[in-house]
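**Student:** Just a sequence and a predicted model for now, questions to come.
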Amino acid sequence: MSRRLAIFLLFSAAYFLSYFYRSANAVIAPDLTAELGLDASRLGLMTSLFFAAFAAAQLPLGVGLDRWGARWVTPGLMWFGVAGSLRFGAAEAFGPLAAGRALIGAGMAGVLMGSLKIFSAWFSPRRFATVSGLLVGLGSLGALLAATPLAWVNRAVGWRAVFLGGGAITAAVAVAIMLVARNAPGGASLPAAGPVADGGLRQVFADRRFWRLAPLNFFVVGTLLSFQGLWGGPYLFDVLRLDDVAAGNLLLGLSGGATAGYLVSGWLSDRFGLQRAIVLASSLFILAQLGLAARPPLILTGALYVLFGVTGAFNIMVLAHARALFPPHLTGRVITAVNLFGIGGTFLLQWVSGLVIGAFPQDAAGHYPPAAFTTALLLTAAGGALALLWYNTLRVGKTHP
């Protein structure tokens, strides 16, 4: 096996784990609620801490990737994920559970950005969007595992065993990356990071094009991951009154749609243009939210879950667009800065959605009313529409190979 292929597979495996962790709570939410006494607001806060820690790591991560490379930075952070997975699996109260969730988020913070950074050295610029889409497509299979298969495993051995085992697997992948990966082919050095690290960040944040990209990433990534990772499950439990396996089947459709979207997004963007593909996909993503807000029947809900996943997955092309607009020595910083808004959006939207849903009274069985989920979906759809209009004013100008 070539080193290029080995690097691709190892970083895809790490992203698989990241996607599994971020998505798992949608299926195990009833168990967490019952076992630890969580209401919607605490469940939303605890789950969103993954993304809060993830977001907090993004800016220093970008500087670290540009200076030391993904071979060391990505697996170094993954050890926090190992500790967090073990802590989460052993938690007996809200505090330790939340701490474990935050540690998992910090541990997974360097996976996607590290992958894009190392791929920019190992793959040609003309293949970057395609390879990025393949990476996230394969990695997003972790969300498929966190749907119906997780519901089965949870019934068999419980969610605690799942997270304890996940810690061991995460440790194995981190070690493999350190042993196998190289930051650049043939021992080549990384592109110069520049004499002053924060100068690169000032250059990124001072560029008007960055501020066309960031809000769209906030709402597309934020809405996709907050719904896929948590609220897509309670929507099915409370609005359609499905059990965990039936809900897992629809979440499997959503995650399968996201995997398909990731796999084709780069190919379509390379052929028809990044901006055109992003605008079309984001428009359909907003329509999917509006459709779910209308509380359709089961068969249409399943179709909308698939559409939600396929179109939301095109968010990875916003990172590819950012990479094309800025010079190579800023690659790490610009993609982590854009990603900061996406992951920060997930943290805020997942938490705020919990506050919105939790503001409605529960029935005797502990279910929230359909209107609670409609309200949350209308809020994210409105924000996404405004961000898309703002993004569409972007004029590409100079791009970088």
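**Tutor:** Received, thanks.
**Student:** hey, where'd the helices end up in the stretch 301-401 of the chain?
**Tutor:** Using DSSP state H, counting those that start in this stretch, the helices found in the stretch 301-401 of the chain span residues 316-325, 331-358, 370-391.
**Student:** contacting residues around the first one?
**Tutor:** I take that to be helix 316-325. For helix 316-325, the external contacting residues (Cβ atoms under 8 Å, 6 or more residues apart in numbering) are 116, 120, 128-129, 132-133, 136, 207, 209-210, 213, 216-217, 220-221, 262, 265-266, 269, 274-275, 277-278, 281, 331, 334-335, 337-339, 342, 396-400. For the C-beta atoms, the positions are set from N, CA and C on the backbone; glycine is no exception.
**Student:** If any of the residues you listed are buried, put those into a PyMOL selection.
**Tutor:** This is how PyMOL selects the buried members of the contacts of helix 316-325, with burial counted by 16 or more other Cβ atoms under 10 Å:
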select buried, resi 116+120+128+129+132+133+136+207+209+210+213+216+217+220+221+262+265+266+269+274+275+277+278+281+331+334+335+337+338+339+342
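**Student:** residues in contact with Gly302?
**Tutor:** Contacts for Gly302 (Cβ under 8 Å, 6+ apart) come out as 250, 253.
**Student:** export the helices of the stretch 301-401 of the chain to TSV and tack on distance to Val175 and mean pLDDT?
**Tutor:** Below are the helices of the stretch 301-401 of the chain laid out as TSV (distance: least, Cβ to Cβ, whole Å; pLDDT from 0 to 100):
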stretch	distance to Val175	mean pLDDT
helix 316-325	27	83
helix 331-358	23	86
helix 370-391	39	96
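**Student:** nearest to Leu250, of those?
**Tutor:** helix 370-391 (13.9 Å; Cβ to Cβ).
**Student:** Of all the residues in that closest one, which ones are buried?
**Tutor:** Residues of helix 370-391 classed as buried: 370, 372-381, 383-385, 387-388, 391 (neighbour count, 16+ other Cβ under 10 Å).
**Student:** and if you look at stretch 4-16?
**Tutor:** 7-8, 10-16.
**Student:** okay, those residues in a markdown table with pLDDT, secondary structure and distance to Gly105 next?
**Tutor:** Below are these laid out as a markdown table (pLDDT from 0 to 100; DSSP: H, G, I helix; E, B strand; the rest coil; distance: Cβ to Cβ, whole Å):
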| residue | pLDDT | secondary structure | distance to Gly105 |
| --- | --- | --- | --- |
| Ile7 | 92 | helix | 24 |
| Phe8 | 92 | helix | 24 |
| Leu10 | 95 | helix | 21 |
| Phe11 | 94 | helix | 18 |
| Ser12 | 93 | helix | 20 |
| Ala13 | 94 | helix | 18 |
| Ala14 | 95 | helix | 14 |
| Tyr15 | 93 | helix | 14 |
| Phe16 | 94 | helix | 16 |
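**Student:** Return the member of the residues you listed nearest to Val356.
**Tutor:** Tyr15 (30.0 Å).
**Student:** so that closest one makes contact with Gly139?
**Tutor:** Yes. With contact defined as Cβ atoms under 8 Å, Tyr15 and Gly139 form a contacting pair (2.9 Å).
**Student:** Which helix or strand contains the closest residue in space to Asn392 that isn't next to it in sequence?
**Tutor:** Leaving aside its sequence neighbours, Asn392 sits nearest to Val279 (Cβ to Cβ, 6 or more residues apart in numbering; 5.8 Å). Using DSSP states H and E, Val279 falls within helix 274-293.
**Student:** How about Asp31?
**Tutor:** Here Asp31 sits within helix 25-36, counting by DSSP H and E.
**Student:** pLDDT at Gly200, what is it?
**Tutor:** Gly200 is assigned 64 on the pLDDT scale.
**Student:** for the stretch 1-150 of the chain, which spans come out with low pLDDT?
**Tutor:** 129 (pLDDT under 70).
**Student:** can you give me the helices in it?
**Tutor:** Under DSSP H, counting those that start in this stretch, the stretch 1-150 of the chain gives helices at 3-23, 25-36, 40-56, 58-68, 70-90, 94-108, 111-122, 128-139, 141-145, 148-157.
**Student:** Could you do the stretch 151-300 of the chain as well?
**Tutor:** Taking DSSP H, counting those that start in this stretch, the helices of the stretch 151-300 of the chain run over residues 159-180, 197-206, 208-226, 232-238, 244-272, 274-293, 298-312.
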